[in-house]
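Colleague: sequence and predicted structure below; questions after.
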Amino acid sequence: MKAARWHGAKDIRVEEIAEPVIKSGMVKIKVEWCGICGSDLHEYLAGPILIPDKEPHYISKETAPLVMGHEFSGQVIEIGDGVTRVQVGDRVAVEPILSCGECDACRLGRYNLCDHLGFHGLAGGGGGFSEVTMVKEHMVHKLPDGMSYEQGALVEPAAVALHSVRQSRMKAGDKIAVFGAGPIGLLTIQAAKAAGASEIYVIELSEERKAFAEKVGATTVLDPSKVDVVSEIRRLTNGGVDVAFEVTGVPVVLQQAIDSTTFDGETVIVSIWETEASIQPNNLVLKERNLTGIIAYRNIYPAVMKLISQGQMNADLLITKKISLGQIVEEGFEALVKEKNQVKILVKPS
């Protein structure tokens, strides 16, 4: 079968690899659609970041080259002994977290905080940029009737957004800011709106993404190249937002997000970072502000699928291009680098 594998930064190759052989407790899936994630783009441009390059991953026992792709949906084509959650023919989305089940976080049910956290499609074991892949039974969630495979491929990034809002201190009626209107930022807007945010300020440079932000629920969109966004947010909100979500991974933006909050406000870091970022701690200390980090999601896929199927999160509005596996480098990764109008690109592996 064909699969796209990461060999190094700027080196992703579509190659022929062996189809996985079914094992006990496992589910084999024919992948229908897989999205290119911001994390995938980081690995393409500056990896390895999460990909195990020299030492085998603790859970998968694999090193690069690895099959990429962790935002995907597909159809069950084979199940191993003992599998009861799904049957052959079921349409599913995959929760791609690899966790050890042994560390303190895993024992407490916080598997996304696993000491050995990995992702199917980043840490080994296969991935969604392949015609067929295989995962453990607990990672598979049946799609609701009427939910498309395209929507199913967007459950994973939508889960990141919903988890970030759930983990924040945001309450219904609060004012929030979202720094960055990429896919996760746009989904965070929708998750915050569904949770009752009264005012949503979005900070974005791209004209195309500004338009997307307005379409999905932003009340005010600010361009940091034209205004001092911190001063403007504080003026418009009479003191600052209750919660700011940092979704860019750009060092200077982190301080802006902190400064945009009111006293006792909160900044939630959603990004995966390629570099370090410096902040002025007194900007937290003197206003008793809070700084929170989130990673991925946990126990949230059913809720996300319900929000999407009910139309409260219009994840598929973000799809700007659909391509085949053979186009993944030039029309996928390179397009996301060069074309600012691209938001979410879906790949059809088969």
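Modeller: Yes, it's here. Residues are numbered from 1 along each chain as shown.

Colleague: now the end-to-end length of stretch 185-205.
Modeller: 13 Å (CA to CA, to the nearest Å).

Colleague: which positions in it come out as buried?
Modeller: For stretch 185-205, the neighbour count (16 or more other CB atoms under 10 Å) marks 185-195, 197, 199-204 as buried. The way it works is simple: take the backbone N, C-alpha and C, and place the C-beta from them, glycine included.

Colleague: how many neighbouring residues does L317 have?
Modeller: 16 (other CB atoms under 10 Å).

Colleague: and if you look at the one 10 residues further on?
Modeller: If you count neighbours by other CB under 10 Å, Q327 ends up with 17.

Colleague: and if you look at G101?
Modeller: With other CB under 10 Å as criterion, G101 counts 10.

Colleague: any idea which helix or strand carries it?
Modeller: According to DSSP states H and E, G101 maps onto no helix or strand at all.

Colleague: please compute how far stretch 222-231 lies from its chain's middle.
Modeller: 26 Å (CA atoms, centre = their mean, to the nearest Å).

Colleague: give me the subset of the buried residues of stretch 185-205 lying in helices.
Modeller: Among those, DSSP state H puts 185-194 in helices.

Colleague: okay, helices next: where are they in the stretch 201-350 of the chain?
Modeller: For the stretch 201-350 of the chain, applying DSSP state H, counting those that start in this stretch gives helices covering 207-216, 229-237, 251-259, 282-285, 301-309, 334-338.

Colleague: P56: what's it in contact with?
Modeller: Contact analysis of P56 by CB atoms under 8 Å, 6 or more residues apart in numbering lists 62-63, 124.

Colleague: for V268, see how far away the nearest residue to G126 once chain neighbours are set aside is.
Modeller: With CB to CB, 6 or more residues apart in numbering as the criterion, G126 has its nearest non-adjacent residue at 4.0 Å, and that residue is T133. From T133 across to V268, the span is 31 Å (CB to CB, to the nearest Å).

Colleague: do A9 as well
Modeller: 29 Å.

Colleague: neighbour-wise, which of those two wins?
Modeller: More crowded of A9 and V268, by other CB under 10 Å: V268, with 24 against 15.

Colleague: A4 is in contact with G128, isn't it?
Modeller: No. A4 lies out of contact with G128 (CB atoms under 8 Å); the separation is 9.4 Å.

Colleague: element containing V83?
Modeller: Using DSSP H and E, no helix or strand contains V83.

Colleague: contacts only, for the residue lying closest to it once chain neighbours are set aside.
Modeller: Among residues not flanking V83 along the chain, E137 sits closest, at 4.9 Å (CB to CB, 6+ apart). Going by CB under 8 Å, 6+ apart, E137 touches 25-27, 79-80, 82-86.

Colleague: please report phi then psi for E137.
Modeller: Here is the backbone geometry of E137 (degrees, to the nearest 10): phi -60, psi -40.

Colleague: got it, and the one 5 residues further on?
Modeller: Reported as degrees, to the nearest 10, the phi and psi values for K142 are phi -70, psi 140.

Colleague: and for it, the neighbour number?
Modeller: 17.

Colleague: ok, now how distant is it from A93?
Modeller: In terms of CB to CB, K142 sits 8 Å off from A93.

Colleague: could you report the neighbour count for the nearest residue to E207 once chain neighbours are set aside?
Modeller: Using CB to CB, 6+ apart and skipping the chain neighbours, the partner closest in space to E207 is K340 (7.8 Å). Neighbour count of K340, defined by other CB under 10 Å: 12.

Colleague: please save the CA atoms from stretch 341-348 in PDB.
Modeller: Extracted C-alpha coordinates of stretch 341-348, given in PDB (Å, rounded to 0.1, in the frame of the first residue of the first chain):
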ATOM      1  CA  ASN A 341      -5.700  31.400   1.800                       C
ATOM      2  CA  GLN A 342      -5.300  27.800   2.800                       C
ATOM      3  CA  VAL A 343      -6.800  26.700   6.100                       C
ATOM      4  CA  LYS A 344      -7.400  23.000   6.200                       C
ATOM      5  CA  ILE A 345      -6.200  20.600   3.500                       C
ATOM      6  CA  LEU A 346      -7.600  17.100   3.400                       C
ATOM      7  CA  VAL A 347      -5.700  14.200   1.800                       C
ATOM      8  CA  LYS A 348      -7.400  11.200   0.200                       C
END
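
Colleague: just the buried positions in that stretch, please.
Modeller: 342-348.

Colleague: any idea how far it is from the middle of the chain?
Modeller: For stretch 341-348, the distance to the chain centre is 13 Å (CA atoms, centre = their mean).

Colleague: kindly report the same for stretch 329-348.
Modeller: From the chain centre to the centre of stretch 329-348 is a distance of 16 Å (CA atoms, centre = their mean).

Colleague: for that stretch, measure first residue to last.
Modeller: Stretch 329-348: ends 13 Å apart by CA to CA.

Colleague: name the residues that touch it?
Modeller: If you take CB under 8 Å, 6+ apart as the criterion, stretch 329-348 is touched by 4, 12, 14, 32-36, 40-41, 44-45, 69, 128-129, 150, 153-154, 157, 182-183, 186, 206-209, 212, 318-325, 327-328.
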